[in-house]
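1. Sequence and predicted structure below; questions after.
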Amino acid sequence: MAAHIHVSRWSLSAQGAVPWVTTIARLLLGGVLIAAGWLKIGTPALSVQAVKAYELLPGGAATAVGYGLPILEIVFGALLVLGLLTRFSAVVAGLLMLAFVAGIASAWARGLRIDCGCFGGDGTLAAGQEPAYLTELLRDAGLVLCAAWVAWFPPGRLALDSLLGLSARPDDEEHDLDEENDS
């Protein structure tokens, strides 16, 4: 006689928490992206200067990134906050955060003394100000983890993806196993 065993990916308590953790991570990441983009979009010349301060890209590419980055941040931040195209948006946001981590780490390793320009500014430090590379790296690494979580467990609660039927929730992914019962 075969017994039917229902094996869930998570314990019942964790299943209930996962969508809420995803929602918090999604809103945090999206909110940070919107804030960063919003603070830069009104001063594109400063954004371009901040990108150039990293000394990683040739002039034309740095200019394009400086103008385009605030738009990308706002668009993908808004998609995350809305929970629309959640997995794709989280992957793009995670790649952006990884690029920021690489840029900041590179600036630190090369001894540059710059401000990250993450929330506006032109990348220059005020007189007497020290770079905050470690803090910036830890913040962005945390946001990479948020992006990875959201990409792995989309879309969370309060998401348009769920309302529109665009994404299955991970707590719906359950596995059924048949086990032989010797009784």
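-> Perfect, thanks for sending it.

2. how much space between residue 101 and residue 59?
-> Between residue 101 and residue 59 the computed distance is 24 Å (Cβ to Cβ, to the nearest Å). Every residue, glycine included, has its C-beta placed from N, CA and C.

3. so which strand or helix has residue 161?
-> helix 160-164 (DSSP states H and E).

4. list the buried ones in that helix?
-> Of the residues in helix 160-164, those buried under the neighbour-count criterion (16 or more other Cβ atoms under 10 Å) are 160-162.

5. Tabulate these (TSV), appending pLDDT and distance to residue 86.
-> As requested, the buried residues of helix 160-164 are exported to TSV (pLDDT from 0 to 100; distance: Cβ to Cβ, whole Å):
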residue	pLDDT	distance to residue 86
160	97	8
161	96	5
162	93	9
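
6. mean confidence for the longest helix anywhere in the chain?
-> Longest among the helix segments of the chain by residue count, using DSSP state H, is helix 12-41. Averaged over helix 12-41, pLDDT sits at 92.

7. Which neighbouring elements make contact with it?
-> Under the contact definition 3 or more Cβ pairs under 8 Å, 6 or more residues apart in numbering; DSSP states H and E, helix 12-41 sits against helix 44-53, helix 59-82, helix 86-109, helix 133-152.

8. want to throw those helices into CSV with distance to residue 38?
-> Written out in CSV, the entries for the helices and strands packed on helix 12-41 read as follows (distance: least, Cβ to Cβ, whole Å):
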stretch, distance to residue 38
helix 44-53, 12
helix 59-82, 6
helix 86-109, 15
helix 133-152, 16
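
9. Let's have those helices in TSV, adding mean neighbour count, mean pLDDT and distance to residue 125.
-> As requested, those are arranged in TSV below (neighbours: other Cβ atoms under 10 Å; pLDDT from 0 to 100; distance: least, Cβ to Cβ, whole Å):
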stretch	mean neighbour count	mean pLDDT	distance to residue 125
helix 44-53	20	98	10
helix 59-82	18	98	18
helix 86-109	19	98	11
helix 133-152	18	98	11
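
10. closest to residue 22 out of these?
-> Distances from residue 22 to each of these were compared by Cβ to Cβ, and the smallest falls on helix 133-152, at 5.7 Å.

11. Using PDB, list the CA coordinates for the closest one.
-> C-alpha atoms of helix 133-152 as PDB (Å, rounded to 0.1, in the frame of the first residue of the first chain):
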ATOM      1  CA  TYR A 133      34.200  52.900   1.400                       C
ATOM      2  CA  LEU A 134      33.600  50.200   4.000                       C
ATOM      3  CA  THR A 135      30.200  51.600   4.900                       C
ATOM      4  CA  GLU A 136      29.200  51.900   1.200                       C
ATOM      5  CA  LEU A 137      30.400  48.400   0.400                       C
ATOM      6  CA  LEU A 138      28.500  46.900   3.300                       C
ATOM      7  CA  ARG A 139      25.400  48.800   2.400                       C
ATOM      8  CA  ASP A 140      25.600  47.700  -1.300                       C
ATOM      9  CA  ALA A 141      26.400  44.100  -0.300                       C
ATOM     10  CA  GLY A 142      23.300  44.100   1.800                       C
ATOM     11  CA  LEU A 143      21.300  45.400  -1.100                       C
ATOM     12  CA  VAL A 144      22.800  42.600  -3.300                       C
ATOM     13  CA  LEU A 145      21.500  40.100  -0.800                       C
ATOM     14  CA  CYS A 146      18.100  41.800  -0.900                       C
ATOM     15  CA  ALA A 147      18.100  41.600  -4.700                       C
ATOM     16  CA  ALA A 148      19.100  37.900  -4.600                       C
ATOM     17  CA  TRP A 149      16.400  37.100  -2.100                       C
ATOM     18  CA  VAL A 150      13.700  38.900  -4.200                       C
ATOM     19  CA  ALA A 151      14.900  37.200  -7.400                       C
ATOM     20  CA  TRP A 152      14.800  33.800  -5.700                       C
END
